[in-house]
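**Student:** for reference, the sequence and a predicted model appear below.
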Amino acid sequence: MKNSINIGRKLKMLRSLHKTSLKKVAEETGMSYSYLWGLENDKHSISVNNLQRLSEYFKVDLIYFLNGNKDSKSTYIPKEDITEVITEDNVSFKCITNNVKSRLQVTLVELPKDSPSERHIHHHEEGEEFITVLSGELHVIVGDEEYELGPGDSVLFESKTDHVIFTKNKAASFYLIVTPPYGSHLLKRI
């Protein structure tokens, strides 16, 4: 029965990140090349002493090798699976995490200039919102503060605070990241 912890896969990833050959790791840790090759290919188990040598060599905590991958699953989201809604006033919402079980809702929003034509105050029961501008100029009012955001600028705030997001003379493209997700009923698949 195979162990759910794959030390060899973690060793390969560390070598890749550090751009280090297996031969170099073997020479610098005093472990044999064939042993490390076997470890990477799930042919050998490892002792605590050898785990310590590898963790010291790569400057990671020993626990890095011992944590299973149960909680570190990733989700690939191909562009074909991204939901897009374009409103009557030409506002584009691309809800990137619409079909993914996640504690985040990530939406790419593109607002034309002077949009929306009617500005509404928003607030939500709980959570946080993070906005980062990719292009253009975005105006965000949070409580009593007004921010003029350009490319690379960001703002983070509690969702329960009254807020308004709009453009004036320039269009804007930005990521809106919220936790927990909300408004998914507005972004149904077309």
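**Tutor:** Yes, it's here.

**Student:** who are the packing partners of the host helix or strand of Val164?
**Tutor:** Per DSSP states H and E, Val164 falls inside strand 163-166. Packed against strand 163-166 by the contact rule (3 or more C-beta pairs under 8 Å, 6 or more residues apart in numbering; DSSP states H and E) you find strand 138-142. (Each C-beta comes from the backbone N, C-alpha and C, glycine too.)

**Student:** residues contacting the strand it packs on, please?
**Tutor:** 111, 131, 146-149, 155, 157, 161-168, 172, 174 (C-beta atoms under 8 Å, 6 or more residues apart in numbering).

**Student:** tell me the first helix or strand C-terminal of that strand.
**Tutor:** Toward the C-terminus from strand 138-142 - assigned by DSSP H and E - lies strand 145-149.

**Student:** related to what we said a few turns ago, roughly how far out does the strand holding Val164 sit from the chain middle?
**Tutor:** How far strand 163-166 lies from its chain's middle: 24 Å, per C-alpha atoms, centre = their mean, to the nearest Å.

**Student:** then it to PDB, C-alphas only?
**Tutor:** Taking C-alpha atoms only, strand 163-166 is exported to PDB below (Å, rounded to 0.1, in the frame of the first residue of the first chain):
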ATOM      1  CA  HIS A 163     -19.100  51.100  -1.300                       C
ATOM      2  CA  VAL A 164     -19.500  52.300  -4.800                       C
ATOM      3  CA  ILE A 165     -17.400  51.300  -7.800                       C
ATOM      4  CA  PHE A 166     -17.400  53.400 -11.100                       C
END
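
**Student:** mind listing what's buried in it?
**Tutor:** Within strand 163-166, the residues scored as buried using 16 or more other C-beta atoms under 10 Å are 163, 165-166.
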